[in-house]
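Student: coordinates only, no sequence provided:
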């Protein structure tokens, strides 16, 4: 009988101890929940936006929009805005009379790379050296020729990254695109 009383006493004291430890913590946790903070207001873009978000300044630094203005004869009046929603890419859009906005752009792509090609290795176009960069020169097939007519491609190798620029010929002619090459960083 004493053994039964001892087990009953231990069980009862364990239950009381558990209740004393668990219940106040449970009640305190429910009461201590702070009211939900209001969602922060969306920050105003720091650029002239023409897409989901502004360009990453590190990507835009490889070819600043002012260099595009100067080389391609564009200005703030024709500049529609920038879009940097894709990783390692910055696209500048321009207003050109009679043309669709999504076809009048200059796009800068600057991915980080472990191994950077010293010259472009493109199966569709041949390139020629223009200063420190390479410029798409000739289409290697009749199917790729229309792309070369509508866009000018530039490529510049660097240490740990490369810079590729695709410029619509409606914004920047081939001769003007040659002037972009020295502005690439």
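Tutor: On my side now, so go ahead. Computed from a predicted model, the values in this text were never measured in an experiment. Numbering: from 1, shown residues only.
Student: output the below-cut-off pLDDT ranges for this structure.
Tutor: 1-45 (pLDDT under 70).
Student: the helices in it, which residues?
Tutor: 2-31, 57-60, 65-72, 145-150, 174-180 (DSSP state H).
Student: contacting residues for residue 73?
Tutor: residue 176 (Cβ atoms under 8 Å, 6 or more residues apart in numbering). In short, each C-beta sits where N, CA and C put it, glycine included.
Student: torsion angles phi and psi at it?
Tutor: Here is the backbone geometry of residue 73 (degrees, to the nearest 10): phi 70, psi 30.
Student: does the closest residue to residue 89 other than its chain neighbours have beta-bridge partners, and which?
Tutor: In this structure, residue 89 finds its nearest non-sequential neighbour in residue 109, 5.0 Å apart by Cβ to Cβ, 6 or more residues apart in numbering. Per DSSP bridges, the residues bridged to residue 109 are residue 89, residue 164.
Student: so residue 109 makes contact with residue 164?
Tutor: Yes. Counting by Cβ atoms under 8 Å, residue 109 does reach residue 164; the two are 4.5 Å apart.
Student: now do the contacts for the residue nearest to the spatial centre of the chain.
Tutor: Nearest residue to the geometric centre of the chain (Cα atoms, centre = their mean): residue 87, 3.1 Å. Neighbour list for residue 87: residue 111 [criterion: Cβ under 8 Å, 6+ apart].
Student: identify the bridge partners of residue 81.
Tutor: When bridges are called by DSSP bridges, residue 81 pairs up with residue 93.
Student: separation between it and residue 52?
Tutor: Per Cβ to Cβ, to the nearest Å, residue 81 is found 11 Å from residue 52.
Student: looking at these two, which is more packed in?
Tutor: More crowded of residue 81 and residue 52, by other Cβ atoms under 10 Å: residue 81, with 18 against 10.
Student: from residue 184, how far out is the nearest residue to residue 95 once chain neighbours are set aside?
Tutor: Nearest residue to residue 95, sequence neighbours excluded (Cβ to Cβ, 6+ apart): residue 78, at 4.9 Å. Per Cβ to Cβ, residue 78 is found 21 Å from residue 184.
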